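>>> Fold the following.
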Amino acid sequence: MMAALAYALIATDLDGTLLRDDDSLSSRTRSALSHARVAGALHLVATGRPVPQVVPVLRALGHRGLAVCGQGAQLYDAGADRIVWSVTLDREVAEVALGKIEAEVGPVCAAVNQDGTDGLMLMEPGFTVTHPTLSGERARGRDDLWVRPLTKVLIHHPGLAEDALAEVARAVAGHLVTVTTAGPGAVELQPYGITKATALALAAERLGTSPEATIAFGDMPNDIPMFLWAGHGVAMANAHDDLKAVADDVTLSNEQDGVAAYLERLFPAATGPAEPTQRLLPTRA
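Below is the predicted model of the structure:
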């Protein structure tokens, strides 16, 4: 039996990890997190979603603390409803990076996440969102994407899969932006040097804990820096092979409540039914 407080901080990704594929949050997961908190552990959401897309999940969790958002470009205080730290992506740099990528692969479709608690997701014509509950505002053209400070740019290509597009983007623009993949449908361009681990380290410092006391759960390559920073990284069964390659362990899939199953081992009181689920409300951006 593992020690009850082997880890004082539990960092979880959302999509493909804590949430099921329909964006629901199971009662089993809610119960496991609740028992872990009662035992003295802290839970921290660490997601690629920008703040406006995270707020409904935090409300469903009853979470009032810190959350890592925007792939680590934002640290959000849910209790105060404010961003306590953020880094924006220089818009001129973003345009240069896009130009270099398109010079190699041809036209891509782009979208942006604006900075701020009220930031929108703006999508140029042709950009599509496959997520079950998230959507954005349609821009008239690419010039409209640059009207406000940005957290990140999302791109997809009609003929290249995400991994192939990300490889090209790193090769030609990796000196300008951080390139990552967080799920199907898009490659993301973030401020250079910024990852989930960046804001997670800041959050841990504020919370008085350390990498060694942190366990992290994730499913995609954007979680790799978080796994490398944390004392223990657990990949979902549905995780990308690149993340599994750096993980310390693998749990069940997000559809099987893999985070809850693992926490029930760490915190034996954290047992509960797998149903019903709580459906999170759609959010625009």
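
>>> got the residue ranges for the helices in the chain?
Counting by DSSP state H, the chain has helices at residues 27-39, 51-61, 91-105, 162-173, 196-207, 224-229, 241-244, 258-266.

>>> Any idea which of these gets closest to L18?
Shortest distance between L18 and the helices of the chain, using CB to CB, is found for helix 258-266: 5.5 Å. All C-beta spots, glycine's among them, are computed from the backbone N, C-alpha and C.

>>> and A78, how far is that from G65?
6 Å (CB to CB, to the nearest Å).

>>> To clarify, my last question referred to V96.
From V96 to G65 the distance is 37 Å (CB to CB).

>>> What about C109, how many residues nearby?
The tally of other residues near C109 (other CB atoms under 10 Å) stands at 17.

>>> swap that for T128, sorry
11.

>>> Who's the closest spatial neighbour of it, skipping the chain neighbours?
Nearest non-adjacent residue to T128, counting by CB to CB, 6 or more residues apart in numbering: G185, 7.2 Å away.

>>> For that neighbour, give me phi and psi.
phi 110, psi -20 (degrees, to the nearest 10).

>>> Give me the neighbour count for it.
G185: 14 neighbours (other CB under 10 Å).

>>> and what of the one 4 residues further on?
Neighbourhood size, L189 [other CB under 10 Å]: 29.

>>> List the contacts of it.
89, 94, 97-98, 152-155, 169, 173, 177-179 (CB atoms under 8 Å, 6 or more residues apart in numbering).

>>> Touching, A186 and A166? I think so.
No - contact criterion CB atoms under 8 Å: A186 and A166 do not qualify, at 9.8 Å.

>>> Tell me which of the two has more neighbours.
More crowded of A186 and A166, by other CB under 10 Å: A186, with 27 against 21.
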